[in-house]
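1. what would the 3D arrangement of this be:
(one chain, ligands or ions: 3)
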Amino acid sequence: MRYKLKEKQIDLTKLPAHIAIIMDGNGRWAQKKGMHRYIGHQEGVVSVRNIVETSGKIGIKYLTLYAFSTENWNRPQDEVNALLMLMVTVIQKESADLMANNVRLLTIGDTERLPESTRAELNDLIKKTSSNTGLTLVLAISYSSRWEITEMAKKIAAKVKEGSLEIADITENTVSGYLSTKNIPDPDLLIRTGGEYRISNFLMWQLSYSELYFTDVYWPEFREENLYDAILDYQKRERRFGKTGEQVKTQL
Ligand code: IPE
Ligand code: IPE
Ligand code: MG
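-> Numbers count the residues shown, from 1 in each chain. Ligands and ions are numbered 1, 2, ... in the order given. Purely as a prediction, here's the structure:
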């Protein structure tokens, strides 16, 4: 009942257009309860479902979820395999719900590293949901910011080398246009669950002016009410983008 009140306090005219989430704490949540880390990942999927549904319902335009980082490939093989299996199950199971909720799915990251069949299923789902007009759900899979920035540098260098781009014409927009988030606005709000205060190689270019929100709540316990808390906190902030508070107020 309590979260219904919070929902009412949220100013729907000042919603963050893009929320990015570092979904952390699955393993610790499970281990604290004496369960295998995998159970934490499974329960984390329930949170994903809940947060996707809530975001769509209140009118968030973009939701980016950090699901698997480049560095996560270095986890014990058992855990990597379990996460990949879970991903496949989720992709197969969520298709109908994504369509029913008008959600468009995109991915960012080096999905070439995924098993061929997983990549094919993901691509099918991306195609199937491509005309949906509600929430755009961006899954960061096998993603890291350093990987993305390195790829951008290679692509821009190739353009310069072939003569189709002048060094003098490279702008911030050029850089943005060669990142995997091209055409996606920068996140307004970054949420990290699980109690750590770090970015862990996530969207380093795109988060330049995002509001940061950290919570100790482990991802498997992060649900609708917690998202409202984060949005309410965001709505109390003044985003100055380098200007003075006075400038920002008079521009409104
Ligand atoms: C986040 O939870 C999920 C992934 C990184 C895949 P973790 O698995 O990192 O859980 P903790 O941080 O070890 O508790
Ligand atoms: C960040 O969590 C990556 C994801 C949530 C997918 P990690 O658990 O991998 O981050 P570190 O290792 O604690 O920085
Ligand atoms: Mg972690």
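2. the residue lying closest to Val52 once chain neighbours are set aside: which element?
-> Nearest non-adjacent residue to Val52, counting by CB to CB, 6 or more residues apart in numbering: Leu137, 5.9 Å away. Backbone N, C-alpha and C define where each C-beta goes, glycine included. Using DSSP states H and E, Leu137 sits within strand 136-143.
3. can you pull the buried residues of that strand?
-> Thr136, Leu137, Val138, Leu139, Ala140, Ile141, Ser142, Tyr143 (16 or more other CB atoms under 10 Å).
4. I'd like to know how far the residue in the chain positioned nearest to ligand 2 sits from ligand 1.
-> Closest contact between the chain and ligand 2, by CB to the nearest ligand atom, is at Ser200 (3.7 Å). Per CB to the nearest ligand atom, to the nearest Å, Ser200 is found 9 Å from ligand 1.
5. do the same with Ala158
-> Noted for Ala158: a distance of 32 Å to ligand 1, by CB to the nearest ligand atom.
6. need the contact partners of whichever helix or strand that residue is part of.
-> In the assignment (DSSP H and E), Ala158 maps to helix 145-162. The contact list for helix 145-162, computed with CB atoms under 8 Å, 6 or more residues apart in numbering, reads 70, 108-110, 165-167, 170, 174-175, 178-181, 199, 201-205.
7. which among the residues you listed end up buried?
-> The neighbour-count test (16+ other CB under 10 Å) marks Thr70, Ile108, Gly109, Asp110, Leu165, Tyr178, Leu179, Ser180, Thr181, Asn201, Phe202, Leu203 as buried among the contacts of helix 145-162.
8. relative to ligand 1, how far out is Ala96?
-> Taken as CB to the nearest ligand atom, the span from Ala96 to ligand 1 is 25 Å.
9. and the closest residue to Ser131 other than its chain neighbours, what are its phi and psi?
-> Leaving aside its sequence neighbours, Ser131 sits nearest to Arg104 (CB to CB, 6+ apart; 7.8 Å). Main-chain dihedrals, Arg104, degrees, to the nearest 10: phi -100, psi 130.
10. close to ligand 2: what parts of the stretch 1-150 of the chain are there?
-> Within the stretch 1-150 of the chain, the positions adjacent to ligand 2 are Ile22, Met23, Asp24, Tyr66, Ala67, Phe68, Ser69, Glu71, Asn72 by CB under 6 Å from any ligand atom.
11. and Trp73, what does it touch?
-> The contact partners of Trp73, taken as CB under 8 Å, 6+ apart, are Val80, Arg113, Ser142.
12. which ones are touching the last one?
-> With contact taken as CB under 8 Å, 6+ apart, Ser142 is in contact with Phe68, Ser69, Thr70, Trp73, Gly109, Asp110, Thr111, Arg113, Leu114.
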